[in-house]
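Asks: I'd like to go over a predicted model; first the sequence, then the structure.
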Amino acid sequence: MRARREGAIHVALGALIVVITFPVFYALIVSTLSFEQAYEYPPRLLPGTELQANVTEAWERVNMGRLFFVTGVISVGTALVKIVLSLMAAFAYTHFRFPGRALLFPLTMVTQMLPLPVRILPTYELMADFHWINTYWALMFPYFASTTGILLFRQFFLTVPRDLPDAARMDGAGPVRYFFDVLVPLSRTNIAALFVIEFVFMWSEYLWPLVITTTEEMRVVQIGLKMLIATDQIAPAWNVIMAGTVMTMLPPLAVLLFFRKSFAEGIAMQTQK
Amino acid sequence: MANAADQERFPGHPLLPYVLVLPSVAVIGVFLVVPFLQSVQDSFYASTAFGTNTIYVGLRNYERVLASSDYRDSALATLLLSSFVIVVGLALSLAIAQLLNQKIRGQGFYQVAFIWTYALAPSVAGAIWALMFAPATGFVPFVVAELFDDYVLNWMTNGDLALLVVSVAAAWKMLGYNIVFFLAGLQNIPEEFVQAAKVDGAGPWRTFRDITFPMLSPTTTFLLFVNTIYAFFQIFGLIDIMTRGGPGNATNILIYKLYRDAFLYLDAGAASAQSIIIFVVIAVAGTIQLRFATRKAIYAR
């Protein structure tokens, strides 16, 4: 009885996986076909031999090496800066009592409600005033404050036993040493989780890079994908487009799979209030 | 209130906390709060013909935006798309998370097999679903033609269908994220509660309705907020790749219209008014979410 029930669940989950995964499977297949094969009817569901040619063509047509470089720099850079700033702010909000705290912490929370679109034109003008259009700074700076990060670390710091900072103080360690020697190493799982969240987020950003960069040199990979699709309107070269699409999705997928244990634990910690 | 967060752990460092919060607060101030206030102000002004001057117009930008039928189409499309993403997306994710939360083998495999859509960019999801539904060659039109007597499925000319396809792609991409959070939320529900309900003779549906779902409400409200933000804004790349708001205005959701008014038609007044209207919607959704989160926190203490 029990085994049969488990069997039924496996069948249901397996069917769901097939349905959910099929679009990506299909994209992978098309990325291995020739242009003509991609237009065959009925659609082909077996891989062809043109993967390398398609990858090369997509890579060269939109200068993918450069796209990966720029997007990689801003994704890693933004994730790291957000981690550092969130650790610092969460440390202040959980370990110190200071005038203004009651005001600043809610302010941090309210910023969740100010996503870029509700301030996009003034932020654009600000970048123009700074002469930052088409720079890494413009691509990164507006993202540096992370409500997610501050909440994540705050949540975790509140679970750290009080004896720890007390013991550190007894040993003559100041707050800065306690932060670096105890708190940051303890936060490894959360740091990895936040890295995944912020890397994936930044790698996916589209609207802001679209308006704030105009040169090919500063283009990000998602906009490159748009260029790849837009080049031929009448009969899209789906084989080449899918080769580019698959390449675009690989880095964040690799980051997620590499850190998936920490990511899941970090999420679990966050939902546990 | 003897809240752990209120306790001073390192007395005698009056300046340090300010140094620690300064970078975050500075970024929030310079790049979030000030531009937002500027948006509010801009929404009351209109620029003159050559953009050299601005004049105060009161609420006229808002009146102009709200009176336009394009805008109302946009609002309706956004409402339909976000409802689909929220209702269908969350319901499916919760069902899958429930299945994963049973005592079954292969948890590690399933975790990977369901989580990965989280790592896809909305624009990547858009490209993949544009292929799936490509009129001449896609897999879905082929299946539809086989099943329904050579019916020609073309979302490039059918607005309702386009909105549905875009909604499916958008909801699909969020499955991984929603499942991870629902599963974590389910695993936090103490086993005793569910067991107690079973002992009392409650069936699976009643257990879910009376125990699991209420106890899951902090996770659900959080996901509601995240999915709303997603369906309102982050979907932009998906729309730009798949339909560019078309055919006609069928998928011209609020963020896409805002982008075009701001950066293509250079109508700063109308764009700012739209920004503020969207902000009000988000603020309402966010306040509801915060209230739920706070209530839960008080309850837990």
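Replies: Sure thing, it's come through. Owing to the predicted nature of the structure, the values given are computational and were not obtained by experimental measurement.
Asks: what are the buried residues along the helix or strand hosting residue B:167?
Replies: In the assignment (DSSP states H and E), residue B:167 maps to helix B:159-187. Neighbour counts using 16 or more other C-beta atoms under 10 Å in any protein chain shown place B:159, B:161-186 of helix B:159-187 among the buried residues. Heads up, the C-betas are built off the backbone N, CA and C, glycines and all.
Asks: show me which of these neighbour chain A.
Replies: B:172, B:175, B:180, B:181, B:184, B:185 (C-beta under 8 Å from any C-beta of the partner chain).
Asks: can you map out the helices along the stretch 1-150 of chain A?
Replies: Using DSSP state H, counting those that start in this stretch, the helices found in the stretch 1-150 of chain A span residues A:2-30, A:35-38, A:51-61, A:64-95, A:101-110, A:120-129, A:136-140, A:147-159.
Asks: give me the distance from the helix holding residue B:167 to the chain's centre.
Replies: Here helix B:159-187 is found 10 Å from its chain centre; the criterion is C-alpha atoms, centre = their mean, to the nearest Å.
Asks: same question, stretch B:220-237
Replies: Averaging C-alpha positions (C-alpha atoms, centre = their mean) puts stretch B:220-237 1 Å from its chain's average.
Asks: just confirm yes or no for that stretch near chain A.
Replies: Yes. Judged by C-beta under 8 Å from any C-beta, stretch B:220-237 and chain A are in contact via B:222, B:229, B:232, B:233, B:234, B:236, B:237.
Asks: that stretch - what's its average pLDDT?
Replies: Averaged across stretch B:220-237, the pLDDT comes to 93.
Asks: now that stretch - C-alpha only, CSV.
Replies: The C-alpha coordinates for stretch B:220-237 follow below in CSV (Å, rounded to 0.1, in the frame of the first residue of the first chain):
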residue,chain,number,x,y,z
THR,B,220,2.3,32.3,0.4
THR,B,221,2.1,36.1,1.1
PHE,B,222,5.8,36.5,0.5
LEU,B,223,5.5,34.6,-2.8
LEU,B,224,2.4,36.6,-3.7
PHE,B,225,4.4,39.8,-3.4
VAL,B,226,7.5,38.5,-5.3
ASN,B,227,5.3,37.1,-8.1
THR,B,228,3.5,40.4,-8.4
ILE,B,229,6.7,42.3,-8.7
TYR,B,230,7.9,39.7,-11.2
ALA,B,231,4.8,39.9,-13.3
PHE,B,232,4.8,43.7,-13.3
PHE,B,233,8.4,44.4,-14.0
GLN,B,234,10.9,41.6,-14.4
ILE,B,235,8.8,40.2,-17.3
PHE,B,236,10.0,43.1,-19.4
GLY,B,237,12.7,41.2,-21.2
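Asks: where does the closest residue to residue A:249 other than its chain neighbours land on pLDDT?
Replies: Once flanking residues are discounted, residue A:249 sits nearest to residue B:124: 4.9 Å by C-beta to C-beta, 6 or more residues apart in numbering or on different chains. On pLDDT, residue B:124 comes in at 97.
Asks: state the phi and psi torsions of residue B:124.
Replies: Dihedral angles of residue B:124 (phi, psi; degrees, to the nearest 10) stand at phi -70, psi -40.
Asks: just tell me which of the helices of the stretch 1-150 of chain A ends up closest to residue B:76.
Replies: Minimum separation from residue B:76 across the helices of the stretch 1-150 of chain A (C-beta to C-beta) falls at helix A:120-129, 22.6 Å.
Asks: quick one: list the elements packing against the closest one.
Replies: Packing contacts for helix A:120-129, counted by 3 or more C-beta pairs under 8 Å, 6 or more residues apart in numbering or on different chains; DSSP states H and E, involve helix A:207-212, helix B:34-42, helix B:268-300.
Asks: go again using 6 Å as the cut-off
Replies: When contacts are defined as 3 or more C-beta pairs under 6 Å, 6 or more residues apart in numbering or on different chains; DSSP states H and E, helix A:120-129 packs onto helix B:34-42.
Asks: ok, the helix it packs on near chain A or not?
Replies: Yes. Part of helix B:34-42 sits near chain A under the criterion C-beta under 6 Å from any C-beta of the partner chain, namely B:35, B:36, B:38, B:39.
Asks: and the closest residue to the second one other than its chain neighbours, what does it touch?
Replies: Meaning residue B:36. Using C-beta to C-beta, 6+ apart and skipping the chain neighbours, the partner closest in space to residue B:36 is residue A:119 (4.4 Å). Contacts for residue A:119 (C-beta atoms under 6 Å, 6 or more residues apart in numbering or on different chains) come out as B:35, B:36, B:39.
Asks: ditto for residue A:195
Replies: Residue A:195 sits next to residue A:79 when contact means C-beta under 6 Å, 6+ apart.
Asks: what helix or strand is it located in?
Replies: If you go by DSSP H and E, residue A:195 is part of helix A:188-204.
Asks: can you list the buried residues in that helix?
Replies: Here helix A:188-204 shows A:189-204 as buried, counting by 16+ other C-beta under 10 Å.
Asks: cool, stretch A:159-174 as well?
Replies: For stretch A:159-174, the neighbour count (16+ other C-beta under 10 Å) marks A:160, A:165, A:168, A:169, A:173 as buried.
Asks: ok, it near chain B or not?
Replies: Yes. Part of stretch A:159-174 sits close enough to chain B to count as contact by C-beta under 6 Å from any C-beta, namely residue A:165.
Asks: how about the residues of the stretch 1-150 of chain A by chain B?
Replies: Residues of the stretch 1-150 of chain A lying close to chain B (C-beta under 6 Å from any C-beta) are A:6, A:9, A:13, A:17, A:23, A:26-27, A:39, A:42-43, A:85, A:88-89, A:91-92, A:94-98, A:104, A:111, A:113-115, A:117-119, A:121-123, A:142, A:144-145.
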